[in-house]
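Participant: All I have is the shape, not the residue letters:
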């Protein structure tokens, strides 16, 4: 069970973040055919990267605090924040911010 959680946090979560960010940006570009009204790709990547880094550090601190709060916590309890909660928080932040950018008003008129 623990191996599944580690695999999800270290391999699947970053892949999910990358795939969702690319698909959300592709959807954003389809909804805004006018290039002047699109968010530039570099700005999009920079915003997502900054949000992911901030979420990683917040998740890392909260995850280490949560894992080390029990009476049976060992001396390596802080690694749960670094390797589990941090990457998951970063993935969630990336998906959330990418979806919020996609929700910007589109150029297309409703039919």
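Facilitator: Looks like it came in fine. Bear in mind that the values here come from a model prediction, so they are computed numbers and not experimental data.
Participant: which helices and strands does the one helix or strand residue 52 maps to pack with?
Facilitator: In the assignment (DSSP states H and E), residue 52 maps to helix 41-67. Using 3 or more CB pairs under 8 Å, 6 or more residues apart in numbering; DSSP states H and E as the contact test, the elements touching helix 41-67 are helix 13-31, helix 79-80, helix 86-102. For every residue, glycine as well, the C-beta is placed using N, CA and C.
Participant: Nearest to residue 45 among the ones you listed would be which one?
Facilitator: helix 13-31 (8.0 Å; CB to CB).
Participant: Check the model's average confidence along that closest one for me.
Facilitator: Average pLDDT, helix 13-31: 92.
Participant: in the helix holding residue 52, what counts as buried?
Facilitator: Within helix 41-67, the residues that qualify as buried are 44, 47-48, 51-52, 55-56, 59-61, 63-64, 67, counting by 16 or more other CB atoms under 10 Å.
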